[in-house]
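Asker: Need a 3D model of the sequence below.
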Amino acid sequence: MSLNIVGKPPGHNNCYHFHAAPKYRRAAFDGEMGQRLETLLSEKSAELGWSIHAFAVDEDHVHFVIEADAQPSKIAHRLLGYASYSLRKEFPELKDVNDEHLWGGRQCKVIANQEHYDNTISYIRRHKRV
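Answerer: Numbering: from 1, shown residues only. Below you'll find the model as predicted:
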């Protein structure tokens with residue numbers, strides 16, 4: 001999984017802002033699927049001892065801020081890989097997006113300081129759609 005990381009880990013309090021979109025940025029996340037995505041990411045992050053501080057899903061992408069004691073590439077692999085596997089199993093219509101992969105674009109920004117954290121949390125809360 002290729003991940004574009006902006007900044008150098010570890011970030012401010014080990015917090016990272018992830019943005020991920022389905023392949024070809026297709027509008028794949030309707031209300032039910034978006035809620036299930038949030039549940040899957042929340043449950044898996046809790047299982048791993050990580051905390052999601054903010055979450056927003058739109059039809060064609062997801063944002064979340066996570067606090068984790070792992071490298072961003074590992075976070076992406078564990079969370080987005082798990083979500084892709086689970087969602088494609090529960091919602092077979094996602095295979096129409098792409099036979100092999102759910103995620104197209106992924107980006108991680110390291111939270112640099114408290115102001116950056118506050119601004120990112122505010123942005124995600126304003127962004128919440130589904």
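Asker: Strands of the protein, start to end?
Answerer: With DSSP state E as the criterion, the chain has strands at 4-6, 15-22, 51-58, 61-67, 103-110.
Asker: so where do the helices sit in the chain?
Answerer: Across the chain, reading from the start of the chain, the helices by DSSP state H fall at 31-47, 72-90, 114-127.
Asker: Neighbours of Asp69, how many?
Answerer: Using other C-beta atoms under 10 Å, Asp69 is surrounded by 11 other residues. To be clear about C-beta, it is placed using only N, CA and C from the backbone, and glycine gets the same treatment.
Asker: List the buried residues of stretch 52-63.
Answerer: By neighbour count on 16 or more other C-beta atoms under 10 Å, the buried set for stretch 52-63 is Ile52, His53, Ala54, Phe55, Ala56, Val57, Glu59, His61, Val62, His63.
Asker: Next, give me the two most distant ones among the residues you listed.
Answerer: For these, the maximum inter-member distance is 22.7 Å, found between His53 and Glu59 (C-beta to C-beta).
Asker: okay if I get the buried residues of stretch 52-63 as TSV plus distance to Ser45 and pLDDT?
Answerer: TSV is the format used below for the buried residues of stretch 52-63 (distance: C-beta to C-beta, whole Å; pLDDT from 0 to 100):
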residue	distance to Ser45	pLDDT
Ile52	5	95
His53	10	94
Ala54	12	94
Phe55	10	94
Ala56	15	93
Val57	15	92
Glu59	22	88
His61	18	92
Val62	13	93
His63	14	95
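Asker: so what's His127 up against?
Answerer: Contacts for His127 (C-beta atoms under 8 Å, 6 or more residues apart in numbering) come out as Ala56, Asp58, His63.
Asker: could you redo the last one with a cut-off of 6 Å?
Answerer: Shown here is His127, whose contacts under the criterion C-beta atoms under 6 Å, 6 or more residues apart in numbering are Ala56.
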